[in-house]
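A.B. asks: Would you be able to build a 3D model of this:
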Amino acid sequence: MQLSKSSVHRVLTTFAELDLGDPRRTRRVMRTVENLASNPRASFPDAMGSEADIEGAYRLMSSRHVTMEALNEAHAKATAKRALAARRVLALHDTTTFEFKHADAKEVGYLNTGEAGFFGHYTLVVNADDSHQPLGIAHVEDFRRTKPPSKPSVKGHLKRKRSGAETVRDPARESTRWFRGFEATNKRLEGVEVIHVADREGDNYDLLAQAVAQGHRFVIRARVLNRRVEGPDGDFDTLREVIAGPVGKIKREVQLSARKRPSAPRSSHNKREARSAIFAFSATAVIFRRPRYQSESLPEEVEVNVVRVFEPNPPRGEEPVEWVLLTNEPIATKRDVVTIVDIYRARWLIEECNKALKTGCRYEDRQFESRDALLTLLAMTLPIAVELLWLRAACRSNPNAPATEVLTPLQLKILVNMGSRKLPTRPTVHDALWAIAALGGHMKTNGEPGWLVLHRGMTKLFAYEEGWRAREKSLDL
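C.D. replies: All right, here's what the predicted structure looks like:
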């Protein structure tokens with residue numbers, strides 16, 4: 001897979017304000033990023049091309065002057081400028097694992113599986129309008145575990161310590177990364193209307209309490225539904241029971257992607273076939289009480305709105321989908337509730353960014369053994385992953401632009417010769433979109449192609465491209 005020159009240029013502009021103390025280092029970073037962006041799926045040596053570029057890139061990765069923090073700072077500044085132009089954005093937060101089978105776990109860290117790797121927590125900023133165009137990364141941090149996992153105890157996930165007569169959570173615990181992400185993003189995107197979005201890992205009382213206290217807007221999926229809360233009638237009950245009685249309902253059709261059976265034995269995600277689902281919604285307000293193990297510095301109670309999204313009539317044999325969303329956005333009207341649901345639905349984009357990192361850019365396949373080198377490479381790769389997402393969003397938001405804005409000449413040539421849909425002499429982005437969708441099995445009678453069929457089509461196009469290049473290479477021998 002190769003990106004077009006315009007795509008590579010967009011990636012390079014994210015490092016326009018990079019300052020590493022020596023212009024030669026900055027030029028080497030730009031050259032390395034350009035090579036990686038030009039061919040994200042190539043091996044590192046193949047992407048670099050010449051021996052001089054290979055040697056320079058490896059020297060760069062071992063330099064103490066080139067850090068993940070410095071690279072991310074430059075990229076975050078570019079993200080802030082794009083966000084300021086958009087005015088209203090969604091900040092999508094997520095933690096993902098990076099596994100490096102070739103590396104020494106003592107050097108890079110241990111994952112829950114015992115394999116070598118570390119955790120990356122970052123914030124993807126996207127436009128809040130219907131396009132949800134990716135604008136960049138506002139915050140990145142990593143954390144690692146220096147010891148292999150042991151058998152978890154019943155309350156092993158609550159790292160507690162004694163502080164006088166009070167039992168509190170360890171302030172250094174991993175869960176504090178969520179509020180750091182909220183704070184860093186708001187500080188970076190000053191002057192921008194920001195709504196934070198997080199999955200169930202972000203559901204903890206201190207995040208909710210601090211976010212409300214600091215005025216951060218949010219939509220967070222609830223993880224614990226058996227916690228006791230005060231409902232709108234003043235009675236205490238579990239969150240699940242309070243939201244069981246719908247206040248009002250509206251319906252909306254949502255495309256659900258397929259999901260494989262999880263490999264982790266304790267995963268809450270079950271296998272799911274791709275389908276179109278009709279969701280019903282209900283909304284109410286509740287008050288959370290501060291848990292006993294939380295610090296008294298937090299408020300005794302927090303009032304939040306709760307939106308329940310559920311599938312009343314799932315297909316036979318399929319588990320019904322249910323989301324319980326915690327938010328401080330208004331829920332007074334049906335339009336308010338739909339807006340909250342649509343905000344949370346945009347969260348899948350950060351999952352796609354994870355795929356772009358690991359599959360589209362093959363980040364986990366890079367054979368570096370130093371943790372610092374891997375972090376430096378992560379900072380170089382993230383903007384490329386964002387560009388891959390941007391290309392998919394651009395197909396929707398700017399359909400009449402030339403197809404060369406999103407595809408290389410070779411990719412267009414492949415679509416002309418191997419695609420099932422005829423392309424005009426001067427194809428637009430929309431023409432290319434539908435040709436790619438046809439490769440993924442899309443039928444015109446089904447309307448606009450969805451992301452799932454586009455993903456299948458792009459995967460097939462990339463496979464054709466690799467085969468085409470291999471054939472041309474063999475003919476040159």
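A.B. asks: Show the pLDDT at the residue sitting nearest the centre point of the chain.
C.D. replies: Nearest to the mean C-alpha position of the chain, counting by CA atoms, centre = their mean, stands residue 350 at 1.6 Å. For residue 350, the model assigns a pLDDT of 93.
A.B. asks: do the one 3 residues further on as well
C.D. replies: The model reports residue 353 with a pLDDT of 90.
A.B. asks: Any idea what residue 143 is bridged to?
C.D. replies: residue 119 (DSSP bridges).
A.B. asks: who touches it in this structure?
C.D. replies: Shown in contact with residue 143 (CB atoms under 8 Å, 6 or more residues apart in numbering): 118, 119, 121, 174, 177. Every residue, glycine included, has its C-beta placed from N, CA and C.
A.B. asks: do the same with residue 390
C.D. replies: Counting by CB under 8 Å, 6+ apart, the residues that residue 390 touches are 10, 133, 134.
A.B. asks: can we see that at 10 Å?
C.D. replies: When contacts are counted by CB atoms under 10 Å, 6 or more residues apart in numbering, residue 390 touches 7, 10, 11, 126, 133, 134, 135, 136, 383, 397, 406.
A.B. asks: Equivalent analysis for residue 447, please.
C.D. replies: The contact partners of residue 447, by CB under 10 Å, 6+ apart, come to none.
A.B. asks: Show the pLDDT at it.
C.D. replies: Reported pLDDT for residue 447: 70.
A.B. asks: same thing with residue 292?
C.D. replies: 83.
A.B. asks: Checking my notes, it in a helix, right?
C.D. replies: No: with DSSP: H, G, I helix; E, B strand; the rest coil as the criterion, residue 292 is coil rather than part of a helix.
A.B. asks: give me the number of residues near residue 358?
C.D. replies: 18 (other CB atoms under 10 Å).
A.B. asks: Among the contacts of residue 143, name the least confidently predicted one.
C.D. replies: Out of those, that is residue 174, at 79.
A.B. asks: Quick check: that one vs residue 364, distance?
C.D. replies: 21 Å (CB to CB, to the nearest Å).
A.B. asks: can you check residue 123 too?
C.D. replies: Taking CB to CB, one finds residue 123 at 21 Å from residue 364.
A.B. asks: Buried residues, stretch 341-356. List them.
C.D. replies: For stretch 341-356, a neighbour-count test (16 or more other CB atoms under 10 Å) marks 341-347, 349-350, 352-356 as buried.
A.B. asks: Tell me which entries of those lie within strands.
C.D. replies: Using DSSP state E to define strands, no part of the buried residues of stretch 341-356 is located there.
A.B. asks: From these, pick the one nearest residue 40.
C.D. replies: Of all those, residue 40 sits closest to residue 356, with 8.5 Å by CB to CB.
A.B. asks: any low-confidence regions in this protein?
C.D. replies: 1-3, 151-172, 245-277, 392, 394-397, 446, 448, 450-452, 455, 476-477 (pLDDT under 70).
A.B. asks: Walk me through the domains of it.
C.D. replies: Listed by automatic domain parsing, the domain ranges of the chain are 88-355, 398-476.
A.B. asks: Mind putting those into TSV with distance to residue 76?
C.D. replies: Compiled in TSV, the domains of the chain are given as follows (distance: least, CB to CB, whole Å):
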stretch	distance to residue 76
domain 88-355	5
domain 398-476	25
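A.B. asks: among those domains, which is nearest residue 30?
C.D. replies: Nearest to residue 30, of all the domains of the chain, is domain 88-355, at 16.9 Å by CB to CB.
A.B. asks: Look at the closest one and report the distance between its end residues.
C.D. replies: By CA to CA, to the nearest Å, the extent of domain 88-355 from end to end equals 25 Å.
A.B. asks: Just name the closest of the contacts of residue 390 to residue 56, please.
C.D. replies: Among the contacts of residue 390, and counting by CB to CB, the member closest to residue 56 is residue 11, at 18.4 Å.
A.B. asks: Who are the contact partners of residue 119?
C.D. replies: 95-98, 109, 111-112, 141-145, 174, 177.
A.B. asks: now swap in residue 329 and tell me
C.D. replies: 195, 217, 218, 219, 304, 305, 307, 336, 337, 339, 340, 343.
A.B. asks: likewise residue 136?
C.D. replies: Neighbours of residue 136 in contact, by CB under 10 Å, 6+ apart: 14, 75-83, 123-126, 382-383, 386-387, 390.
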